[in-house]
Each structure stands twice: as C-alpha cells, then as structure tokens.
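*Asks:* Structure for this input, please:
(2 chains)
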Amino acid sequence: NAGVTQTPKFQVLKTGQSMTLQCAQDMNHNSMYWYRQDPGMGLRLIYYSASEGTTDKGEVPNGYNVSRLNKREFSLRLESAAPSQTSVYFCASLPGLAGREQYFGPGTRLTVT
Amino acid sequence: EDKVVQSPLSLVVHEGDTVTLNCSYEVTNFRSLLWYKQEKKAPTFLFMLTSSGIEKKSGRLSSILDKKELSSILNITATQTGDSAIYLCAAPKSSGDKLTFGTGTRLAVRP
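*Replies:* This is a model prediction of the structure:
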C-alpha cells in the first residue's frame, strides 16, 4: 500500500508556464483534496472531489483547475503560473466517512520565478 | 464562516519540558476536531476528538476537547527533539468532508 503519492516532488516554473501536479491513492477512498501551504497560512483548500466525476472549489481556487480522472487519481493544473503560486502543494484523501482523518501525500514544492 | 485558531504560533522549549498547545474553533454543526503533526513533509494524523472531556492519549501526547469552551488542548510531556514539528488542528466544515485548518503551532525542542 503506497497510500497517497504525488509527482513531482519539486518543480521550478517560469511565470506563464503551465504544469499538472499528479496525485494518486490506492486506498479506495472516495474523497480527494488539493491544498496549498504557505508560511503562516496553514493549509488552504484549493479544490476537492467528493467522488469520481465531481469536483468543487475550495477557499483559493483561482488560477487552478482539477480533474478527477477516476477514483484513484486527482490532478491539479496550473494553466499560467504566477509567482503567487509558489507554495507547497499537498494532495489528501478521505474514506468518505464524515469527520474522519484525511491522509496526505508527501507534497510538491513549486517555485514560480 | 468556520474558523480554527491556534496558539501560540511558535514555541521553543528544552528537552524534558511539558508543553500545551491550544486550538479554538467556531464551526457550525460541530462533529469532530483533529490534530496532526507535520515534520518535514506531509501532516500525519494524531488524534480525533468528538466528545467533550474524554482524553485521547498516545505515549507522551494527549489531547482533550472542551465543547463548552469550543477548544482543545494538545499536551506533550517530557518533550524530545523528535517532537519538533508544526502541530495542526482542524475541524470538518458543517457540510461535506472538507476540513478547516488552523495556521499551526511551530514547536522547537532544543537539546
């Protein structure tokens, strides 16, 4: 069981470039999440998906798009990266039981210059 | 709007000290409160609390929920350098499975 995996681990982009962050979980969880973490800001939800085929905006969705490809995979796309998107990005999943703990991936450190 | 506030923002202690971290919440239709530890990478789950006054314990770490005060504390006794981390508190939003996180408390334990 790999749990939640994310690729890449690190990425440097120039302003205006695009990229997709990949996330996969092998725990058969229904819900998946994308967060960003900035110093002093805690974890902020970008998008989430309650089940395959559904996605919903979180607190900070601007500049991002997501795709829930199947039950296992949930990708996050930056269409035109901006320096304000420099952050650490975490993917997480949840079995679907309300109020239970989320399981996190190892994170992607993204720098936009 | 749901809110989770943690204090202090950061803390430096020496090995062997006992620390108390605080978390207060304002959440509609409260269901649970979760504590996570984040070292260099992903947050890892510590405790989930649903009932007031019941202490959850794991080794030197323990946590209690006070529903009347809308708060929780995380205690760490006999701290070790390996306890150095960011401790995050979170509460599920009133609807769905989204979590509201606090900004975290950064704990540094010096030898």
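*Asks:* wait, what's in contact with the residue most central in space within chain A?
*Replies:* By C-alpha atoms, centre = their mean, the mean C-alpha position of chain A lies nearest to residue A:34, the distance being 2.8 Å. By C-beta atoms under 8 Å, 6 or more residues apart in numbering or on different chains, the residues touching residue A:34 are A:21, A:23, A:45-48, A:58, A:64, A:66, A:74, A:76, A:89-91. C-beta: built from backbone N, CA, C; applies to glycine.
*Asks:* let's see it at 10 Å
*Replies:* A:6, A:21, A:23, A:44-49, A:55, A:58, A:60-61, A:64, A:66, A:74-76, A:89-92, A:105 (C-beta atoms under 10 Å, 6 or more residues apart in numbering or on different chains).
*Asks:* can I assume it sits in a helix?
*Replies:* No: checked against DSSP: H, G, I helix; E, B strand; the rest coil, residue A:34 lies outside a helix; its state is strand.
*Asks:* pLDDT score assigned to it?
*Replies:* In the predicted model, residue A:34 carries a pLDDT score of 97.
*Asks:* Which strand residues bridge it?
*Replies:* residue A:47, residue A:91 (DSSP bridges).
*Asks:* could you measure the nearest residue to residue A:54 once chain neighbours are set aside against residue A:106, distance?
*Replies:* Leaving out its chain neighbours, the residue that sits closest to residue A:54 by C-beta to C-beta, 6 or more residues apart in numbering or on different chains is residue A:68, at 6.9 Å. Using C-beta to C-beta, to the nearest Å, residue A:68 is found at 20 Å from residue A:106.
*Asks:* Could you do residue A:61 as well?
*Replies:* Counting by C-beta to C-beta, the gap from residue A:61 to residue A:106 is 23 Å.
*Asks:* quick one on the thing from earlier: settle it for me: which of residue A:68 and residue A:106 has more neighbours?
*Replies:* residue A:68 (19 against 15; other C-beta atoms under 10 Å in any protein chain shown).
*Asks:* OK, contacts around that one?
*Replies:* Listed by C-beta under 10 Å, 6+ apart, the contact set of residue A:68 reads A:32, A:47-55, A:74-75.
*Asks:* Any quick PyMOL command for the buried ones out of the residues you listed?
*Replies:* Restricted to buried positions by 16 or more other C-beta atoms under 10 Å in any protein chain shown, the PyMOL selection for those reads:
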select buried, chain A and resi 32+47+48+49+50+55+74+75
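*Asks:* which among the contacts of residue A:68 gets closest to residue A:11?
*Replies:* residue A:75 (13.7 Å; C-beta to C-beta).
*Asks:* Which positions are bridged to the closest one in the beta structure?
*Replies:* Here residue A:75, judged by DSSP bridges, has bridge partners residue A:67.
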